[in-house]
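Colleague: From the sequence below, what's the structure:
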Amino acid sequence: MKKLIPFTLVLASLLFQGCGGFKAKRVDAAESDEKAMEITDKWVSGDTEKVIGDVLKQIQNHKGFQKFLRTHGKSPTVFIGEVQNMTSEAYFPINDINDEMLNEFSASGDFILVDAAARESILKEMTYQHDGMVDPSTAKKVGKQTGADLMIFGNVYMKPESRGGNTIKQYSVNIRMTDIEKGIEVLRVRTKLSKYSEQKASGW
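Modeller: Okay, here's the model as predicted:
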């Protein structure tokens, strides 16, 4: 007489087999970037770090910026505007680029930063404080914010080329810095990044 295998044991066996192929591990930034290139040709965090690092290096070595520093005589106050996504990729992580730029400019110690988002929040708080809801003796005075010397803004473009299942995406990150008082351009820098992928008939 055959023994009946309990249903719960069969179910457990099926569940074990179904998830047996999954494995995860923690990796560092460099390995994460390499793994990402094996599964996608989209923009990843390693790309953001690379281009912003290159942009900052170009700015620090730019002759026009060095001339501005000599005439200005102190660390410039910089208003970092928005870097815009001009690619055809709707989900391009442009917010990551803006955040990384703020982080790297702050970490360099060469700039006094004015953050657009923070300024808007501060203005709302100042309005609230002077609306009669706060003790006037503790309300902060309007007009005490530091004006920016320079404004930084830019854009990201991408040009794709495909043939026979092979694709290359050529990204261009363009950054401009303007002297707010004089309305003249202090510098313009560009860094490029290309991503190559091959699409096989049966998949990636």
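
Colleague: And the helix ranked longest in the chain, what does it pack against?
Modeller: Secondary structure of the chain per DSSP state H: the longest helix is helix 45-61. Judged by 3 or more CB pairs under 8 Å, 6 or more residues apart in numbering; DSSP states H and E, helix 45-61 is in contact with helix 29-39, helix 94-108, strand 166-179, strand 184-198. In this view, the C-beta of every residue, glycine as well, is placed from N, C-alpha and C.

Colleague: These into JSON lines, with extra columns for mean neighbour count and distance to Asn85?
Modeller: Listed next are those as JSON lines, based on neighbours: other CB atoms under 10 Å; distance: least, CB to CB, whole Å:
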{"stretch": "helix 29-39", "mean neighbour count": "12", "distance to Asn85": "19"}
{"stretch": "helix 94-108", "mean neighbour count": "16", "distance to Asn85": "4"}
{"stretch": "strand 166-179", "mean neighbour count": "18", "distance to Asn85": "11"}
{"stretch": "strand 184-198", "mean neighbour count": "15", "distance to Asn85": "15"}
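
Colleague: Redo those as a markdown table? Include mean pLDDT and distance to Thr87.
Modeller: A markdown table is the format used below for those (pLDDT from 0 to 100; distance: least, CB to CB, whole Å):
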| stretch | mean pLDDT | distance to Thr87 |
| --- | --- | --- |
| helix 29-39 | 64 | 18 |
| helix 94-108 | 91 | 9 |
| strand 166-179 | 93 | 7 |
| strand 184-198 | 92 | 12 |
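
Colleague: Now do the buried residues in the strand or helix carrying Lys67.
Modeller: For Lys67, the host element (DSSP states H and E) is helix 63-72. Buried positions in helix 63-72, judged by neighbour count with 16 or more other CB atoms under 10 Å: 64-65, 68.

Colleague: quick revisit: any idea of the mean pLDDT in the longest helix of the chain?
Modeller: Mean pLDDT, helix 45-61: 93.

Colleague: Counting neighbours, which bits of that helix end up buried?
Modeller: Here helix 45-61 shows 47-49, 51-52, 54-56, 58-59 as buried, counting by 16+ other CB under 10 Å.

Colleague: And those, which is closest to Leu150?
Modeller: Nearest to Leu150 among the buried residues of helix 45-61, counting by CB to CB, is Ile59 at 10.3 Å.

Colleague: Give me the distance between the closest one and Lys42.
Modeller: Ile59 sits 27 Å away from Lys42, taking CB to CB, to the nearest Å as the criterion.

Colleague: With Glu82 instead?
Modeller: Distance, Glu82 to Lys42, by CB to CB: 21 Å.

Colleague: what's the answer for Thr77, then?
Modeller: 35 Å.

Colleague: likewise Gly53?
Modeller: 20 Å.

Colleague: Find the residue closest to Pro160 in space, skipping its chain neighbours.
Modeller: Lys169 (5.1 Å; CB to CB, 6 or more residues apart in numbering).

Colleague: wait, what's in contact with the one you found?
Modeller: By CB atoms under 8 Å, 6 or more residues apart in numbering, Lys169 lies in contact with 41, 158-160, 194-195, 197.
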